[in-house]
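using only what follows, build the 3D model:
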Amino acid sequence: MVVVCLVEEGTKVKIHSETKQNIDDGTSDRPYSHALVAGIDRYPRKVTAAMGKKKIAKRSKIKSFVKVYNYNHLMPTRYSVHIPLDKTVISKDVFRDPALKCKARREAKIKFEERYKTGKNKWFFQKLRF
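As a prediction, this is how the structure comes out:
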């Protein structure tokens with residue numbers, strides 16, 4: 001299971017995300033505790049029964065992000081979601097090459113959309129209002 005957290009700082013405030021990898025002691029390039037986070041940048045829109053398949057498919061799209069956050073800017077919640085993301089594709093190494101980062105974001109997007117279409121964890125795919 002992966003912990004769901006809220007992003008509190010920057011442009012992605014009020015975003016559901018899940019921590020993929022925790023680094024508690026820091027590293028040489030980031031001398032603070034941080035976490036690799038995959039989350040939802042743009043949530044799917046509301047869908048009704050009267051809509052056609054094409055419109056439903058268009059409104060069900062999700063934009064994802066993969067980013068490293070300082071622990072101070074994350075607020076963990078008591079909730080957890082298990083969305084199996086490929087650890088070879090989504091790791092800290094993706095930030096060295098833009099093509100790898102794009103591939104990691106695409107992997108996260110595909111997995112998030114698959115989970116959304118199954119109908120599980122509906123609360124995770126709703127925009128936060130506070």
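
make it CA atoms for all contacts and neighbour counts henceforth
Will do.

pLDDT-wise, which helix or strand of this structure ranks last?
strand 16-23 (a mean of 73; mean pLDDT, DSSP states H and E).

quick check: mean pLDDT of the next helix or strand after that one?
The first helix or strand that comes after strand 16-23 along the chain, using DSSP states H and E, is strand 34-42. If you average the pLDDT over strand 34-42, you get 88.

elements contacting strand 34-42?
Packing partners of strand 34-42 (3 or more CA pairs under 8 Å, 6 or more residues apart in numbering; DSSP states H and E): strand 16-23, strand 63-70.

highest average neighbour count across those?
strand 16-23 (a mean of 21; mean count of other CA atoms under 10 Å).

hmm, who's touching it?
Applying CA atoms under 8 Å, 6 or more residues apart in numbering, the contact partners of strand 16-23 are 2-7, 33-40, 81, 91, 124, 128.

return the members of these classed as buried.
4-7, 34-40, 91, 124 (16 or more other CA atoms under 10 Å).

let me know the closest of those to Val68.
Leu36 (4.5 Å; CA to CA).

was I right about that closest one contacting Lys92?
Yes: in terms of CA atoms under 8 Å, Leu36 counts as a neighbour of Lys92; the distance is 7.0 Å.

got any residues that touch both of the two?
Residues touching both Leu36 and Lys92 by CA under 8 Å, 6+ apart: Val68.
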